[in-house]
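[1] With the input below, show me the fold.
(one chain, ligands or ions: 1)
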Amino acid sequence: VTGPQFEPTHERALTPAVGPARDVDGFVRQFLRELNYTQGVPLSRSTLNDQYLALARTVRHYLMQGWIRTGKRRRDAGDKVIGYLSAEYLLGRQLDNALLAAGLEDIAREAMKECGLDVDLLRSQEIEPGLGNGGLGRLAACFVDSLATMDVSCIGYGIRYEYGIFKQTFEDGRQVEVPDSWLALGSPWEFPQPDRAVQIDFGGHTERYTGDDGRERTRWVPAWDVQAVPYHLLVPGYRNGVVNTLRLWSAKATNAFDLQLFNQGDYAEAVRAQTFAENITKVLYPEDSTPQGRELRLQQQYFFVAASIKDFIRHTLPADFDLHRLPERIAFQLNDTHPVIAIPELMRILVDEHDFEWDEAWDVTKQCFDYTCHTLLPEALEVWPVDLLGRLLPRHLEIVYRLNEDFLARVREQFDGDEVRARRMSMVQENPVRAIRMAHLATVAATKVNGVAELHSQLLRDKVLPDFSEMWPDKFTNVTNGVTPRRFVRIANPGMSELVTEAIGEGWLTDLERLRELEPFADDAAFRERFRAVKAGNKERLRQLLHHRDGIDLPEGHLLDVMVKRLHEYKRQSLKLLHVVSLYQRLLSDEVDPESTTPRTVVFGAKAAPGYFMAKETIALINAVAATIDADERVAGRLAIAFPANYNVTLAETLIPAADLSEQISLAGKEASGTGNMKFALNGALTIGTDDGANVEIRQLVGDDNFFLFGMTEPRVAELQAKGYVPGDVYASSPRLKSAIDFLASGEATGGDPSRAAAVVDDLLSSDRFMALADFDAYVEAQEKVEATYADTEAWTRSAILNVARSGFFSSDRSMRDYLDRIWNVSARS
Ligand code: Z15
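    Below is the predicted model:
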């Protein structure tokens, strides 16, 4: 079946059914219908999960008309579609966002009350779809939210992992991963479309043959295939009736494949084959920015992009659409290198299946792709060994070789046969193994290549892809990341949202630069008082949550110092830990009166990739230090460390609005952008940070007086690296650093057990790849300024308000506008 097949007999059958009435009564009726007829239980016998599912499905009903209308309007208009290709979408809870988008919060609250239920309790039942690792996946989720809110035609293509990012638990302070079975209790937000499944081929070989027209052609003879089943999820715009689509692909065994084996009598083998096929979308790889080069991961990548392109051509474009005009109808945005295999796939479709001439196909393909790079770490740039690629996708490897030949011929022509340059720029790396450099392939094919913050885009041009930017200066551009204010301000921080609306009126949620109008309120003592009350309320909300969720009792009245992000050496959680140890030592020494210090609670949240040894050691060390400080009466009330397990979007939504201080302390030149940094600033935390990623732009906007800058700049880092960095020298020359490290190494900060600290301490002293020691003194000094400023409550609040007022730039709506102007050449309707 390729499309809707029906003969309408009644005109009324052509218009979408009306949704439930938009009032408390209509909501209650629909809720009970869902509970009784879909869930199959009476209210009196229903569990919390039954109630949550019925509530979710009820809210979904209100969005369906918008989804049907949006789709029809877009098809009728023949709009150009943004096809966002991303292996990750870190969505966060859906119910909160759907209620907000549909404007149903009050009605739902009232309706649940009429049923004797508490809407907040039901909201808290939802397990968030964690289909991403960290920043990259969350960015994709923010972008699709903004595009729907701006009424831009977008389909987000991705993978429906059966298991998302693992659930983190601690055993004896060490990370233990538990599978995230987010689908187990029902998945009310997705619509499976098994009848729109497409077949995806793998393996086999290629053959030359002569076509009917006498032309030499190539055909791929695959060895096996799987079915890709689309599930669609709703992406509602904020109160504009627009509902866009996320299409997430799930792998299913091909029936014919099984039957064949079954007919041969090998039933067990047939079932095994099914499991094999369905493995493809079984689990999200939990490495954030350190890919492992596993075959299954390449299968995932090809699986979802091949399904997306096929689906777009077959089901989204009108039948018999002339593919020469494809670029008028689609712009595929490559979210990092993960979907880059889409480039040879489109070439294959055009050349092998649609008889395009090679050059003609290349011309179309180039116009259809743009590439976003999200990293500067060399180990994050994916390369696929050619033996693996050739085994899995033999035709694609041939296509890449041919593209590379053509490309290198151009390089040699333009640069006088410069062979060294050609080797540097080649899509094929020769050592240590022959492999395809996906970033080079993407850069050659893409119309535009962008970095994700000003500094990152500049370093991308100058350091990561300098030959390419010399060859094509106009190809490169910047779009600074952003975050959706709907989720990260309105939902996460209702108290502040209300205060803001009272001060500057409605409208700022979709026009975030309007937060500027808050600036004068920074000088209004009464407003500052209320702003502080909101922060205090948010802290109280966090205390309640951590008490129930983790059994953690946060002290009251502390400076709340928060570092939440993936655990990675370049992000330097170890630097933060050294600072904590140093604070602990200061409290234990006789030099200062503890009463004169600022009481501080440091909150960490971080998952480590399961195979990342140093990251896991760092987690164990933080937990050991936390336990030691917690047990030490001498510092009670002055210093506490909390490390709630399983930091995720849901926890972020309570944690970030409560924070006073935002830790953004990566080594300069390593964090492409950061997006947590933006969320904190928008929620009135002050940043202590290095000159890295989007921190640079945050500081420029909020002003130096409202930002605690420290540490080496990127050029200084490069210089030190070049001359040879010796961490031992820094250790020897800084008494405070030496004291903190010695204290850690002695076991005094880890309950008397020095082994807990050994791996981290040894690494810092012997290699310290990310120069934590070099920035330690500057960091401690900046933290002293933090304490001095915090002591002046009015000055601190003033800065916090100015952070909010001046961070409107970091709305993902602005990011999307920049993509529309600089990359997609499409305009928004709002
Ligand atoms: C990831 O989360 C990021 C980059 C990557 O290359 C991968 Cl594989 C995962 C992050 C960056 O580290 C972060 O700086 C940036 O803000 C985020 O992507 C979104 O661009």
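
[2] In terms of residue numbering, what are the domains of this protein?
    Domain ranges of the chain: 11-480+818-824, 518-806, per automatic domain parsing.

[3] Get me the contact residues on this structure for the ligand.
    Within the chain, the residues that sit near the ligand (Cβ under 6 Å from any ligand atom) are 133-136, 139, 288-289, 336, 374-375, 380, 452, 481, 671-675, 693. C-betas here are computed from N, CA, C, even on glycine.

[4] Filter those residues down to the ones in helices?
    135-136, 139 (DSSP state H).

[5] Pipe those residues into CSV and attach neighbour count and pLDDT per row.
    Formatted as CSV, these follow (neighbours: other Cβ atoms under 10 Å; pLDDT from 0 to 100):
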residue, neighbour count, pLDDT
135, 24, 98
136, 25, 98
139, 28, 98
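
[6] Show me which of the residues you listed is closest to residue 439.
    residue 136 (14.5 Å; Cβ to Cβ).

[7] The helix or strand hosting residue 275 packs against which elements?
    According to DSSP states H and E, residue 275 maps onto helix 267-278. With contacts defined as 3 or more Cβ pairs under 8 Å, 6 or more residues apart in numbering; DSSP states H and E, helix 267-278 has these neighbours: strand 224-236, strand 243-253, helix 255-263.

[8] weakest of those by average pLDDT?
    Note on those: helix 255-263 shows the lowest mean pLDDT, a mean of 61.

[9] For the ligand, what's its nearest residue on the stretch 501-650 of the chain.
    Ranked by Cβ to the nearest ligand atom, the top residue of the stretch 501-650 of the chain for proximity to the ligand is residue 566, at 7.0 Å.

[10] follow-up on the earlier one: and the helix holding residue 275, what's buried?
    Going by neighbour count (16 or more other Cβ atoms under 10 Å), the buried part of helix 267-278 is 270, 273-274, 277-278.

[11] Among those residues, which one lies nearest to the ligand?
    The closest of the buried residues of helix 267-278 to the ligand turns out to be residue 278 (Cβ to the nearest ligand atom; 24.9 Å).

[12] wait, that closest one sits on residue 272?
    No: contact criterion Cβ atoms under 8 Å: residue 278 and residue 272 do not qualify, at 10.9 Å.

[13] And the ones in helices among the residues of the chain next to the ligand, which is closest to residue 687?
    Looking across these and measuring by Cβ to Cβ, the closest to residue 687 is residue 135, at 16.2 Å.

[14] Need the nearest residue in space to that closest one, chain neighbours excluded.
    residue 675 (5.3 Å; Cβ to Cβ, 6 or more residues apart in numbering).

[15] mind checking pLDDT for the one you found?
    98.

[16] give the contact list for it.
    135, 138-139, 142, 481-483, 694 (Cβ atoms under 8 Å, 6 or more residues apart in numbering).

[17] how about the nearest residue to the residue of the stretch 401-550 of the chain at minimum distance from the ligand, chain neighbours excluded?
    Residue nearest to the ligand within the stretch 401-550 of the chain: residue 452 (4.1 Å; Cβ to the nearest ligand atom). Closest residue to residue 452 apart from its sequence neighbours, by Cβ to Cβ, 6+ apart: residue 673 at 4.1 Å.

[18] cool, residue 606 as well?
    With sequence-adjacent residues excluded and distances taken as Cβ to Cβ, 6+ apart, residue 606 is closest to residue 567, at 4.0 Å.

[19] Based on its surroundings, how many neighbours for that neighbour?
    By other Cβ atoms under 10 Å, 25 other residues sit near residue 567.

[20] A helix includes it, no?
    No: under DSSP: H, G, I helix; E, B strand; the rest coil, residue 567 sits outside any helix and is assigned coil.

[21] so it touches residue 621, yeah?
    No: between residue 567 and residue 621 there is no contact under Cβ under 8 Å: 10.9 Å.

[22] Show me where the stretch 151-300 of the chain dips below the pLDDT cut-off.
    255-263 (pLDDT under 70).

[23] In it, which residue sits closest to the ligand?
    residue 289 (3.8 Å).

[24] now that residue: how far from residue 167?
    21 Å (Cβ to Cβ, to the nearest Å).

[25] next one: residue 102
    Distance, residue 102 to residue 167, by Cβ to Cβ: 29 Å.

[26] The two - which one has more neighbours?
    For residue 102 versus residue 167, the count of surrounding residues by other Cβ under 10 Å is larger for residue 102: 23 against 19.

[27] what about the residue in the chain that the ligand sits nearest to, distance to residue 649?
    Residue of the chain nearest the ligand, by Cβ to the nearest ligand atom: residue 135 (3.0 Å). Look at residue 135 and residue 649: by Cβ to Cβ, they are 12 Å apart.

[28] and the longest helix anywhere in the chain, how far out from the chain's middle?
    Looking across the chain with DSSP H, the single longest helix is helix 48-77. Relative to its chain's centre, helix 48-77 lies at 24 Å (Cα atoms, centre = their mean, to the nearest Å).

[29] From the contact counts, what lies against that helix?
    Using 3+ Cβ pairs under 8 Å, 6+ apart: helix 48-77 touches helix 24-33, helix 94-102, helix 105-114, helix 119-123, strand 224-236, strand 243-253.

[30] switch to 7 Å and redo it
    helix 24-33, helix 94-102, helix 119-123, strand 224-236, strand 243-253 (3 or more Cβ pairs under 7 Å, 6 or more residues apart in numbering; DSSP states H and E).

[31] Let me have the helices and strands packed on helix 267-278 in a markdown table, adding mean neighbour count as columns.
    Shown next, in a markdown table, are the helices and strands packed on helix 267-278 (neighbours: other Cβ atoms under 10 Å):
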| stretch | mean neighbour count |
| --- | --- |
| strand 224-236 | 22 |
| strand 243-253 | 23 |
| helix 255-263 | 14 |
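
[32] For the ones you listed, give me a markdown table that also has distance to residue 533.
    Shown next, in a markdown table, are those (distance: least, Cβ to Cβ, whole Å):
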| stretch | distance to residue 533 |
| --- | --- |
| strand 224-236 | 32 |
| strand 243-253 | 37 |
| helix 255-263 | 62 |
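
[33] Residue 188: which of these is closest?
    strand 224-236 (10.6 Å).

[34] and the angle for that closest one with strand 243-253?
    160 degrees (axes from the mean of the first three to the mean of the last three Cα atoms, to 10 degrees).

[35] What average pLDDT does the helix or strand hosting residue 788 get?
    Using DSSP H and E, residue 788 maps to helix 772-791. Helix 772-791 carries an average pLDDT of 98.

[36] Tell me which other helices or strands it touches.
    Helix 772-791 packs on helix 573-588, strand 686-689, strand 707-709, helix 727-733, helix 735-746, helix 793-805, going by 3+ Cβ pairs under 7 Å, 6+ apart.

[37] Against which helices or strands is the first one packed?
    Spelled out, that is helix 573-588. Judged by 3+ Cβ pairs under 7 Å, 6+ apart, the packing partners of helix 573-588 are strand 600-605, helix 613-631, strand 639-642, helix 735-746, helix 772-791.

[38] Alright, that wraps it up for me.
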